[in-house]
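Visitor: Sharing a model that was predicted from the sequence below.
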Amino acid sequence: MYKHRDPIFGLDLILKTGLSIKNNSFNEENFARFDLYGPTFQGIAWATQCINSIEPKNLASVLGGSDWGVQEMRLPTWAPFCGAGFLTTDGEEAKWKRSLLKPFFHSSNISDLSLMHAGLYQMMRMFPKDDTAFDLQPLVFDLYLDLSTSFLFGEPIGALSGKCPQHAKGFVDAFQAGIAGCGLRMAVGPLRHLIPNRSWFEACKKSHQFADYYVDRALEHRARYLAKQKEADPGDGTLTKPRTLLIKMAEVTGDRKLLRDQIVQAMMGSQDTTSVLICNVVHLLSRHKDIQRQLQTEIISLGTKDPSFENLGRMRYLQAILNETLRLHPVFPHIARVAMKDTILPSGGGSDGKSPIFCPAGSLFRTSIYTLHRQTRTYGPDAHEFKPERWLDKSFMPGTYEYVPFGVGRRSCLGKHKAMMESSYMIVRLFQQCHHGMRVN
């Protein structure tokens, strides 16, 4: 049991968590807490029972079962920004809303690297022509803003070129403010009603206007699609393949509000995910020259040609580097759920920590993927070290609930294969461009 100074509301830990986020030490403090209290410990958050656990049995029960969800936590606070989409609902409703997105993440849709190639070429043209040091991170983030808006809406937002369409001016700042407002309101729990809403509502409105511009275009496509569907033979080739995620959803539903909620939440889900992974890979490689040289050897075998989808999947050392980066620096380092009904966790109770724990409806569950991925029981005494070679050892096989880089179960990340493919492509192309490798300035 966590030793609270405030055993009623748990405000001491809430304030400490807020301070750790501000100081960018949230993951490290979580690790220290689990190191002190063990793999499962109970606490209080806003007068509610909160189970903190990295025990795989408990993760299997929560993430792989159906008794725990997110709607009660997210929907009341996120609704003004992104409504009731696949990220804010539970059960059959969430399952159906995920099904609207899932087909577009099939390998046949993400194996086309032409969009990635064009964007990366544009970014590389901005690199210095000599050995001058430069900051790669803002360029990667701008590139992925363009790529994600192209994937979702059909055209880039102009982050790299600086040529933002008129309807998109101010959107990026508004979208970031909208996400920040969702996080803040969820963090302060029942006190969210005390937060001034005017500027946040303005950010929500601007984000909605941007999304609605594309939703209306998608609905125009839907009208043409339905008309053509009545006239055409499905096998005659006149029904073309949808080009964007939004267009694909509009062929299934004409609900304007649902389409907006879904596409805003899809952009929330893709926000910074792949760009963070790529920057973390570069960060680690620049500090491990021996690993960088081994990767260069694998990349040299491709020559200077553009890597194909199939070639990228066969690059074992590159995949090991990505897996190890996601282990040490998961893009989703923290996962939270709420019990939708009275339920039981299989482990963590009793004096020995091995008995079940009763969790009444409304109980909170939190896990630290950052901490889970650094457990010596799974990864050995060098768990804190960057060692891609561990993934090449055939005897090394972490369990489903011991390595969770993209979540697991019914709420796992739909874009995980897309993120891995795009990260692989960009790392290869960066090394082909930077002949002398990468180094820390």
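Guide: Noted; the coordinates are in hand.
Visitor: which residues sit in contact with residue 41?
Guide: Neighbouring residues of residue 41 by C-beta atoms under 8 Å, 6 or more residues apart in numbering: 1, 2, 33, 34, 52, 53, 348. Quick note: C-beta positions are derived from backbone N, CA and C, even for glycine.
Visitor: Emit the ChimeraX select command for whichever of those residues are buried.
Guide: Only the buried entries of these go into this ChimeraX selection, using 16 or more other C-beta atoms under 10 Å:
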select :2,33,34,52,53,348
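Visitor: From the contacts of residue 41, which land in strands?
Guide: Residues of the contacts of residue 41 located in strands (DSSP state E): 52, 53, 348.
Visitor: Distance to residue 164 and pLDDT for the residues you listed - can I get that in TSV?
Guide: Shown next, in TSV, are the ones in strands among the contacts of residue 41 (distance: C-beta to C-beta, whole Å; pLDDT from 0 to 100):
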residue	distance to residue 164	pLDDT
52	43	97
53	44	98
348	50	94
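Visitor: quick one: which of those is nearest residue 130?
Guide: Nearest to residue 130, judged by C-beta to C-beta, of the ones in strands among the contacts of residue 41 is residue 52 at 50.4 Å.
Visitor: doesn't residue 182 make contact with residue 78?
Guide: Yes - contact criterion C-beta atoms under 8 Å: residue 78 and residue 182 qualify, at 4.7 Å.
Visitor: quick one: contacts of the worst-scoring helix or strand of the chain on mean pLDDT?
Guide: None of the helices or strands of the chain scores lower by mean pLDDT, DSSP states H and E than helix 107-110, at a mean of 76. Contact partners of helix 107-110, identified using C-beta under 8 Å, 6+ apart, comprise 103, 309, 417, 418, 421.
Visitor: Who are the packing partners of the helix or strand containing the last one?
Guide: What it means is residue 421. Per DSSP states H and E, residue 421 falls inside helix 416-433. Using 3 or more C-beta pairs under 8 Å, 6 or more residues apart in numbering; DSSP states H and E as the contact test, the elements touching helix 416-433 are helix 107-110, helix 114-124, helix 273-285, helix 289-300, helix 309-313, helix 316-328.
Visitor: out of those, which comes closest to residue 62?
Guide: helix 316-328 (20.5 Å).
Visitor: Return the distance of that closest one from the chain's centre.
Guide: Relative to the centre of its chain, helix 316-328 is centred 17 Å away, using C-alpha atoms, centre = their mean, to the nearest Å.
Visitor: Please save the CA atoms from it in PDB.
Guide: What follows is helix 316-328, C-alpha atoms only, in PDB (Å, rounded to 0.1, in the frame of the first residue of the first chain):
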ATOM      1  CA  ARG A 316      16.700  -8.200 -38.800                       C
ATOM      2  CA  TYR A 317      19.200  -5.900 -37.100                       C
ATOM      3  CA  LEU A 318      17.200  -2.700 -37.900                       C
ATOM      4  CA  GLN A 319      14.000  -4.400 -36.500                       C
ATOM      5  CA  ALA A 320      16.000  -5.300 -33.400                       C
ATOM      6  CA  ILE A 321      17.000  -1.700 -33.000                       C
ATOM      7  CA  LEU A 322      13.400  -0.500 -33.300                       C
ATOM      8  CA  ASN A 323      12.300  -3.200 -30.800                       C
ATOM      9  CA  GLU A 324      15.000  -2.200 -28.300                       C
ATOM     10  CA  THR A 325      14.200   1.500 -28.700                       C
ATOM     11  CA  LEU A 326      10.500   0.800 -28.000                       C
ATOM     12  CA  ARG A 327      11.500  -1.300 -25.000                       C
ATOM     13  CA  LEU A 328      13.600   1.500 -23.400                       C
END
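Visitor: I'd like the next helix or strand past it.
Guide: strand 334-339.
Visitor: Partner strands of that next one, with direction?
Guide: Looking at strand 334-339 with DSSP bridges, its partner strands are strand 68-69 (antiparallel), strand 364-368 (antiparallel).
Visitor: Just say helix, strand or coil for the nearest residue to residue 323 once chain neighbours are set aside.
Guide: Distance criterion C-beta to C-beta, 6 or more residues apart in numbering; nearest residue to residue 323, sequence neighbours excluded, is residue 391 at 4.8 Å. The three-state assignment at residue 391 reads helix, by DSSP: H, G, I helix; E, B strand; the rest coil.
Visitor: same check, this time on the one 3 residues further on
Guide: Secondary structure for residue 394, judged by three-state DSSP, is coil.
Visitor: Can you give me the pLDDT of the nearest residue to residue 17 once chain neighbours are set aside?
Guide: For residue 17, ignoring the flanking residues on the chain, the nearest one in space by C-beta to C-beta, 6+ apart is residue 26 at 7.0 Å. Looking at residue 26, its pLDDT is 95.
Visitor: Isn't residue 26 up against residue 19?
Guide: No - using C-beta under 8 Å, residue 26 is not in contact with residue 19; the gap is 9.4 Å.
Visitor: Give me the more crowded residue out of those two.
Guide: Taking other C-beta atoms under 10 Å, residue 26 and residue 19 do not tie; residue 26 has more neighbours (18 against 12).
Visitor: and that one, what does it touch?
Guide: Taking C-beta under 8 Å, 6+ apart, one finds 17, 20, 333, 334 in contact with residue 26.
Visitor: Does the strand or helix carrying the second one pack against any helices or strands, and if so which?
Guide: When elements are defined using DSSP H and E, residue 20 is found to belong to helix 11-22. If you count contacts as 3+ C-beta pairs under 8 Å, 6+ apart, helix 11-22 packs onto helix 26-37, strand 40-45, helix 171-187.
Visitor: For the second one, output the C-alpha coordinates as CSV.
Guide: Backbone C-alpha positions of strand 40-45 (Å, rounded to 0.1, in the frame of the first residue of the first chain) are rendered in CSV as follows:
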residue,chain,number,x,y,z
THR,A,40,1.6,-4.4,-7.5
PHE,A,41,0.6,-1.8,-4.9
GLN,A,42,-2.6,0.0,-4.0
GLY,A,43,-3.1,3.7,-3.6
ILE,A,44,-5.8,6.4,-3.6
ALA,A,45,-6.7,8.9,-6.5
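Visitor: Work out the sheet partners of it and label each with its direction, please.
Guide: strand 48-53 (antiparallel).
Visitor: next one: the partner strand to chain centre, how far?
Guide: On the basis of C-alpha atoms, centre = their mean, strand 48-53 is displaced by 23 Å from the centre of the chain it belongs to.
Visitor: Report the next helix or strand after it in sequence order.
Guide: On the C-terminal side of strand 48-53, the closest following helix or strand by DSSP H and E is helix 56-63.
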